[in-house]
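what's the 3D shape of this:
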Amino acid sequence: MLGHVQYLQLTVNDEGEEVFVLIPEPSLAINLGTALFRKSVFDRVGLFDETLRISQDIDWFMRAREQGVSTVVSQRTALIYRIHRHNATRDKRASRSAFVTALKMSLDRRRRGAGGEAVSLPELPHLRKE
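Numbering: from 1, shown residues only. Sure, this is the predicted structure:
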């Protein structure tokens, strides 16, 4: 099950104080903080790749999708995420690079499984709303 993320942005108000401001609408994001999976899913998909500094969750979710893991999306907010200058993912260049690396790893796995031909990911009808 995946929930939504409610973001709070650290900003400086008119008095010069740092305050967190609510970003209006929660959004669906691939973020482990919003996920709840049975242990059997981890037994099937495997654990997180500890060699990845960023995007371990993207890699894991891609492997789950490759395995056809069924996912329910809850409309409820499951995570409040504070955005500030010390977030590991604030470096957009590094985040994009790590995201592309996770996608490339998925493509490589699917090519190996098909003798060099890229195998499509399963369709997303198994992604259903709560």
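
Now do the buried residues in stretch 4-14.
When neighbours are counted by 16 or more other Cβ atoms under 10 Å, the buried residues of stretch 4-14 are found to be 4-7. For the C-beta atoms, the positions are set from N, CA and C on the backbone; glycine is no exception.

which is the next helix or strand following the lengthiest strand in the chain?
Among the elements of the chain assigned as strand by DSSP state E, the one spanning the most residues is strand 71-83. Sequence order places helix 92-113 as the next helix or strand after strand 71-83, per DSSP states H and E.

tell me the centre residue of the chain?
By Cα atoms, centre = their mean, the mean C-alpha position of the chain lies nearest to I30, the distance being 2.5 Å.

Could you quantify the relative orientation of the host helix or strand of L10 and strand 71-83 as an angle?
When secondary structure is defined using DSSP H and E, the element that contains L10 is strand 2-12. Strand 2-12 and strand 71-83 are oriented at 10 degrees to each other (axes from the mean of the first three to the mean of the last three Cα atoms, to 10 degrees).

quick one: contacts of the following helix or strand past strand 2-12?
Scanning forward in sequence from strand 2-12, with DSSP H and E defining helices and strands, the next element found is strand 18-22. Under the contact criterion Cβ atoms under 8 Å, 6 or more residues apart in numbering, strand 18-22 has outside partners 6-13, 82.

Good, we can wrap up now.
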